[in-house]
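# Got a predicted model here, sequence first, then my questions.
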Amino acid sequence: MRLLADPVRWKLVRQLASSDQRVRELVKVLGQPQNLVSYHLRQLRDGGLVTSRRSSLDARDTYYSLDLTACSRALSHAAAAVHPALVPGPRTGPGQDRGQMGAGQRVLFVCTGNSGRSPMAQALLAHRAGPRIQAVSAGIRPKPVHPVAVAVMRDRYGIDIARHLPVPVQAVAGRRFDYVISLCDKAREACPEFTGQPGRMHWSLPDPISGEGGPAGYPAFERTATDLDARIEFLLPVLTGVA
């Protein structure tokens, strides 16, 4: 709470709550000098609320992400320190409160190959939200679904994505979506415009196939699944209109 009391840090957190961003983008939105924005980002990162990683498209760039799980934990602890009754209740879990979901919400996840990150995200959102949310995925250069992605989704969540067929993003570019979420830096830059001006989000996730950000193989896909599931958990209130 002390970290978030500063107005610049509060604005940074609000910006990063909806999408991963680069420093120059935050500078433009906040209208503050770059050195000041970088200073406050460092404070948030040191406090464990913000993470950063080099762009997979241009290693000279860095994407900053808000760690929503860490924020939730920290705010819960702060609330409990004031009074136990202030601790928030559990968030919506798989299959819960589906009747409150906004009818007809359509979400598109885009990554480079539509073989790992985006089909996993599609399946996790469908698993958590149920039939009231239409989850779709596509790729800039589609490839068959990766067998390790299939194994992780089956082992950890009991979800079968083995029958997933890769979809080129051009094939869905003419469809209307409420949100388009890019899952890798390359896809963010190559993603086409969509009808109806959907909400755009960017989640800068390492490529589990190449082992970007850590050892490749099963552990990399596990990390990706964990990150996606946490982000989707916090996406649900946005889709329900209660955020």
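Perfect, thanks for sending it.
# pLDDT weak spots in the chain?
Along the chain, the parts satisfying pLDDT under 70 run over 84-85, 87-104, 212-215, 241-243.
# packing partners for the helix with the most length in it?
Among all segments of the chain classified by DSSP state H, the helix with the greatest residue count is helix 218-240. Secondary-structure packing of helix 218-240 (3 or more C-beta pairs under 8 Å, 6 or more residues apart in numbering; DSSP states H and E): helix 68-82, strand 105-111, helix 117-129, helix 147-157. Every residue, glycine included, has its C-beta placed from N, CA and C.
# That helix versus helix 68-82: what angle between them?
Following axes from the mean of the first three to the mean of the last three C-alpha atoms, to 10 degrees, one obtains 60 degrees for the angle between helix 218-240 and helix 68-82.
# The helices and strands packed on helix 218-240 into JSON lines, with extra columns for mean neighbour count and distance to G47?
Converted to JSON lines, the helices and strands packed on helix 218-240 look like this (neighbours: other C-beta atoms under 10 Å; distance: least, C-beta to C-beta, whole Å):
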{"stretch": "helix 68-82", "mean neighbour count": "14", "distance to G47": "8"}
{"stretch": "strand 105-111", "mean neighbour count": "25", "distance to G47": "30"}
{"stretch": "helix 117-129", "mean neighbour count": "26", "distance to G47": "28"}
{"stretch": "helix 147-157", "mean neighbour count": "18", "distance to G47": "30"}
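# Please name whichever of those is nearest to H164.
With C-beta to C-beta as the criterion, H164 lies closest to helix 117-129 of those, at 4.5 Å.
# Next SSE downstream of the closest one?
Downstream of helix 117-129, the first helix or strand assigned by DSSP states H and E is strand 133-139.
# returning to that earlier point: what are the buried residues along the longest helix of the chain?
Of the residues in helix 218-240, those buried under the neighbour-count criterion (16 or more other C-beta atoms under 10 Å) are 220-225, 227-236, 238-240.
# what does stretch 47-62 give?
49-57.
# Run the chain-centre distance for it.
How far stretch 47-62 lies from its chain's middle: 14 Å, per C-alpha atoms, centre = their mean, to the nearest Å.
# A171: what's it in contact with?
A138 (C-beta atoms under 8 Å, 6 or more residues apart in numbering).
# wait, is V27 part of a strand?
No: in this structure, V27 is helix, not part of a strand, as judged by DSSP: H, G, I helix; E, B strand; the rest coil.
# So it sits against P33, correct?
Yes: at 7.4 Å, V27 and P33 qualify as touching, with contact defined as C-beta atoms under 8 Å.
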